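> Sequence first, predicted model second:
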Amino acid sequence: MAGRDQEHHVTIELQCGLDERFLQLESAGNYDIMPNKAGKVPLFMKNHPNLSKYFEPSFVSFGPVHHGNKKYQSAEKYKLRLANYFVKDSGKFANLLYQKVEDNCERLMQYFDEEVAGDYNKQDLAWMLFVDGCAVLQSIFCVVEVTFEELKIEHDKMALWEQDLFLLENQLPYQLLLDLMDSSAKKDALRTSIKAFINKHSVALHSYNQKEPEGPAHILDYLWQILVDEEQYLNHFKIMKWYRHAERHGQSVPWHHNVQELKTAGINVKPGKGRTLTDIDFIYNLLNFYPGYLSIPPVVIDYATGFKLVNLIAYEMTRPGMSNYDGVRSYVSFLGSILDGTGDVKELIKARVLYNFLDKDDEVFQLFKDISSTLNIPVPNEFHVNVKRKIEKYYGNKYRIWMAQLFHDLFNRPWKILTFFGSFSALFLTATQTLYPIFSPSGHGEDQVRKKFI
């Protein structure tokens, strides 16, 4: 009972100044508004057995899609507590912050699919967005400032909370977050914390310190914009125009090379220095002949990486006007195409392209295979098709491949090196012993040879 009394007190404190209807609504714990099942995740992805687990919140729901689901009822008290802290830190009365959300509610509803927000009246939707928006901003601020212990939220629950913030169907309009931040006394600190939080959760190792994206739709879009270089958009479509033309004329790009095969052919994989996942490149060395270097932006693989990648791909497939710009999807498909087993994963870890924080390397292999095979790789509009064309051209030179295999066989088997140099040394010494008497400086070499044969 003590827990319920505390939650009730937090709710009443949060709503101080709001009208009587909202006091009654929250103190009664009324969360019976049925969520609309329609979402933005493509249906084939949401229903696929390999991917469906990545779209359901693990602990907390935000926004209208999963609102009211009993599975996430336990997290409501945490949202109210965090929202209460946000209101206190803002230096404003709760009713003023809420009123701003309600005044902009019709505009905010446009950020949701009509089928999702259609069952909510204006006041219900405004209250939900108000509490969720305040809770999201305060949670991000607390994660960055490492102040969650004083809020008495367990670490395991906070890990799930952070993971749920990047689900496509759990997104809040970024405009809502801006409205609340602009009304807070600590708006600059809140903006800084969002940037630090996104960088903390970026799957790409070198995406830190990217400039703040302009006009992100939500938190997931914010992450997407720092991972994908939109300036390459036009170049991508020029490449794809050629690719589609080549396919029509039977010149499609074949692909069947895993990491270990690339290494045997003299292609070394190294971490790319670019800050986006679209910065995969292939270059030659030694007068454009040998060896080759495939640079891949390094990524961090942990328990939340799968959730981020899959939801980013789902967002790419539904992003207005950008349905063909599959930067994250193409990156995942490329890695899936060069991974045939745990041995390939180990090679990428050794090359510092993958930083694995999972228990086993096999889990990394399974993650990329589950995603790439589900999305029917090769992707029709794959961003990195030009890189594959360069590698196939490299493979087209038989002398280059022969040289690579020779070096690979010699320098990856120490006993062969010893045998090679031993045979060479023996041959050299034999030749020296034979030729030295003939070309001896004493001038008697010719006589000695003549005497030997007389």
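In hand now; what should we look at?
> What residues of the longest helix seen in the chain count as buried?
When the chain is parsed with DSSP state H, its longest helix is helix 122-145. By neighbour count on 16 or more other Cβ atoms under 10 Å, the buried set for helix 122-145 is 124-144. Where C-beta positions appear, they are placed from N, C-alpha and C, glycine not excepted.
> Same check on stretch 59-76?
59-68, 72, 75-76.
> What of stretch 259-270?
Using 16+ other Cβ under 10 Å as the test for burial, stretch 259-270 gives 259, 262, 263, 264, 265, 266, 267, 269.
> Show me those residues that map onto helices.
Short answer: the buried residues of stretch 259-270 in helices (DSSP H) are 259, 262, 263, 264.
> ok, the second one to residue 334 distance?
Distance from residue 262 to residue 334, counting by Cβ to Cβ, to the nearest Å: 12 Å.
> just the third one next, same as before
Distance of residue 263 to residue 334, computed by Cβ to Cβ: 16 Å.
> Same check on the first one?
Distance from residue 259 to residue 334, counting by Cβ to Cβ: 11 Å.
> again, but for residue 147
From residue 147 over to residue 334 the distance is 40 Å, taken as Cβ to Cβ.
> Same drill for those two, tell me which one is more crowded.
Each of residue 147 and residue 334 has its neighbours counted (other Cβ atoms under 10 Å); residue 334 has more, 26 against 12.
> what helix or strand does that one sit in?
Using DSSP states H and E, residue 334 falls within helix 327-337.
> Give the other helices and strands that that helix contacts.
In terms of contacts (3 or more Cβ pairs under 8 Å, 6 or more residues apart in numbering; DSSP states H and E), helix 327-337 is packed against helix 219-227, helix 305-318, helix 361-374.
> With distance to residue 114, mean neighbour count and mean pLDDT added, can I get those in JSON lines?
Shown next, in JSON lines, are the helices and strands packed on helix 327-337 (distance: least, Cβ to Cβ, whole Å; neighbours: other Cβ atoms under 10 Å; pLDDT from 0 to 100):
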{"stretch": "helix 219-227", "distance to residue 114": "20", "mean neighbour count": "23", "mean pLDDT": "91"}
{"stretch": "helix 305-318", "distance to residue 114": "15", "mean neighbour count": "23", "mean pLDDT": "92"}
{"stretch": "helix 361-374", "distance to residue 114": "28", "mean neighbour count": "19", "mean pLDDT": "91"}
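> Any idea which of these gets closest to residue 276?
Closest approach to residue 276 among those is made by helix 219-227 (5.9 Å; Cβ to Cβ).
> Going by contacts, tell me the helices and strands next to that closest one.
helix 174-182, helix 187-200, helix 305-318, helix 327-337.
> Dump these to JSON lines, plus distance to residue 388.
Listed next are the helices and strands packed on helix 219-227 as JSON lines, based on distance: least, Cβ to Cβ, whole Å:
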{"stretch": "helix 174-182", "distance to residue 388": "35"}
{"stretch": "helix 187-200", "distance to residue 388": "30"}
{"stretch": "helix 305-318", "distance to residue 388": "19"}
{"stretch": "helix 327-337", "distance to residue 388": "8"}
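> and those helices, which one's lowest on average pLDDT?
If you rank the helices and strands packed on helix 219-227 by mean pLDDT, helix 327-337 sits at the bottom with a mean of 89.
> what's the angle between it and helix 305-318?
With axes from the mean of the first three to the mean of the last three Cα atoms, to 10 degrees defining the directions, helix 327-337 sits at 130 degrees from helix 305-318.
> buried ones in the very next helix or strand once past helix 327-337?
Using DSSP H and E, the helix or strand that directly follows helix 327-337 along the chain is helix 342-350. Neighbour counts over helix 342-350 (16+ other Cβ under 10 Å) mark 344, 345, 346, 347, 348 as buried.
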